[in-house]
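> Quick one: sequence and predicted model below, then my questions.
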Amino acid sequence: MEAYDTRILPVSEAALAEGAALLSHGELVAFATETVYGLGADATNDTAVARIFEVKERPRFNPLICHFPSGAAAAGKVHFDERARQLAAAFWPGPLTLVLPRLHGCRISLLCSAGLDSLAVRVPAQDSARGLLSRVGRPIAAPSANRSGNISPTAAAHVASELNGRIPLILDDGPCPLGLESTVLDLSGEAARLLRPGGVPSEEIEALIGPLETAETPADGSEALLGPGRLASHYAPEHPLRLEAQQATATEALLAFGSEPLTGAKVMLNLSPGGDMVEAAANLYAFLRALDSMEVSGIAAMPVPERGLGRAINDRLRRAAVPRPDAAAEEPRNAGEELLRNLGSLS
Ligand code: TXA
Ligand code: MG
């Protein structure tokens, strides 16, 4: 993998212009969105998109979300039906990703679709992200800017700890206001399917377009092409994570929630003492990261109510609680090179 002297630039006109220039030349740039930091590449450049997989050490052909500065910019690439139009009008710019049928002649790399005939599209709310996107003038493919299997970054320093030396530039726009990934909704078929709970609560989507199906993890392990973030250990911290904790031990780190945090843990961070889901979502990944860096026997997480953003928080906690696969069982680190070689057979 090419080595870079990674720079972190606070967002400014000049920094955005530089980011846009790098992206236009096929380089990867990390940037803030309202959800989490993204690792961006020109979505029309096969090699740039393939390098995302290399830099993240992503072991599989997961499809990628394409980011646009406006709904109108996305309209030329995918087919919006009535449901999609309604949802885009209600929630864009914002943390909702729509999986829609690719339009004929769509020039976006087939690697973004992982061989499917659908494409995930989203218009981020962060001003600096949309500024960057309009300057590039091309759709930007961007997964979360973490190495595969790690927690999504919600601050520029997190991105640096994940990708230092692997990319030329991180655009620093402070901590992400939402702190949790976008909701991914599949509208490529007749039934609307919730692929990933996220920043827009499913209740708000259902209020507009009716009941949603939820994606079941297929028994044959073919999840990579079907649903997002479905690798069992997608969000795994290094320490074991225990859910629904009713008590905490003196060797544990406690991820608390609400006005009555458990006592007795070695260290404690409270997602939201006032029980506010928005505050809890914004703190989730930063707190998991912080607790994971402590010398403790494990992390105990108190229950979070299963409503609104709480669904997305619980989804991430459940994934993080699944033990990491054996390092030996993981696929080779040169997955990106392998991908580049296989590009021909995909297109
Ligand atoms: O908030 C977010 O969505 C962030 C920011 C950077 O925009 N992005 C993000 O990307 O979380 P990523 O790659 O970490 O997760 C996107 C998920 C993937 O797990 C992928 O499987 C799913 O969306 N996805 C993308 N395109 C898809 C498609 N065509 N069909 C089904 N799932 C798709
Ligand atoms: Mg991710």
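Structure received. Ligands and ions are numbered 1, 2, ... in the order given.

> How far away from the center of its chain is stretch 287-302?
21 Å (C-alpha atoms, centre = their mean, to the nearest Å).

> Over to stretch 18-37?
Centroid displacement of stretch 18-37 relative to its chain, using C-alpha atoms, centre = their mean, is 15 Å.

> Between the two ends of that stretch, how far is it?
Chord length of stretch 18-37, first to last residue, is 18 Å (C-alpha to C-alpha, to the nearest Å).

> That stretch vs ligand 1: in contact?
Yes. Stretch 18-37 reaches ligand 1 (C-beta under 6 Å from any ligand atom) through T33, T35, V36. Heads up, the C-betas are built off the backbone N, CA and C, glycines and all.

> Name the member of those residues with the most neighbours.
T33 (30 neighbours; other C-beta atoms under 10 Å).

> okay but that residue is in contact with C176, surely?
Yes. Here T33 reaches C176: they are 6.7 Å apart, a contact under C-beta atoms under 8 Å.

> shared neighbours, those two?
Q126 (C-beta atoms under 8 Å, 6 or more residues apart in numbering).

> Between the residues of stretch 18-37 next to ligand 1, which sits nearest ligand 1?
Of all the residues of stretch 18-37 next to ligand 1, ligand 1 sits closest to T35, with 3.3 Å by C-beta to the nearest ligand atom.

> list the contacts for the closest one?
P95, P124, C176, L178, G179, L180, E181, S182, G198, G199.

> And for N164?
N164 makes contacts with T6, as judged by C-beta under 8 Å, 6+ apart.

> can you check E206 too?
E206 touches L212, counting by C-beta under 8 Å, 6+ apart.

> same thing with V200?
F91, G94, P95, L96, S182, T183.

> picking that back up, now the residues of stretch 18-37 next to ligand 1 in CSV, with pLDDT and secondary structure?
Output for the residues of stretch 18-37 next to ligand 1, formatted as CSV (pLDDT from 0 to 100; DSSP: H, G, I helix; E, B strand; the rest coil):
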residue, pLDDT, secondary structure
T33, 98, coil
T35, 98, coil
V36, 98, coil
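
> still on that earlier bit, will you turn the contacts of V200 into CSV that also has neighbour count, distance to ligand 1 and secondary structure?
Output for those, formatted as CSV (neighbours: other C-beta atoms under 10 Å; distance: C-beta to the nearest ligand atom, whole Å; DSSP: H, G, I helix; E, B strand; the rest coil):
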residue, neighbour count, distance to ligand 1, secondary structure
F91, 22, 13, helix
G94, 19, 10, coil
P95, 24, 6, coil
L96, 22, 9, strand
S182, 27, 4, coil
T183, 29, 8, strand
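
> Spatially central residue in this protein, please.
Closest residue to the average C-alpha location of the chain: S144 at 4.0 Å, with C-alpha atoms, centre = their mean.

> which residues does that residue bridge with?
G38 (DSSP bridges).

> can you pull the contacts of it?
Here S144 is in contact with V36, Y37, G38, L39, S152, P153, E181 (C-beta under 8 Å, 6+ apart).

> Quickly note the distance from it to R242.
Per C-beta to C-beta, to the nearest Å, S144 is found 24 Å from R242.

> ok so, going back, for ligand 1, see how far away the residue nearest to the centre of the chain is.
Counting by C-beta to the nearest ligand atom, to the nearest Å, the gap from S144 to ligand 1 is 4 Å.

> so A312 sits in a helix?
Yes. Assessed with DSSP: H, G, I helix; E, B strand; the rest coil, A312 lies in a helix.

> my guess is it contacts V184, does it?
No. Contact criterion C-beta under 8 Å: A312 and V184 do not qualify, at 10.7 Å.
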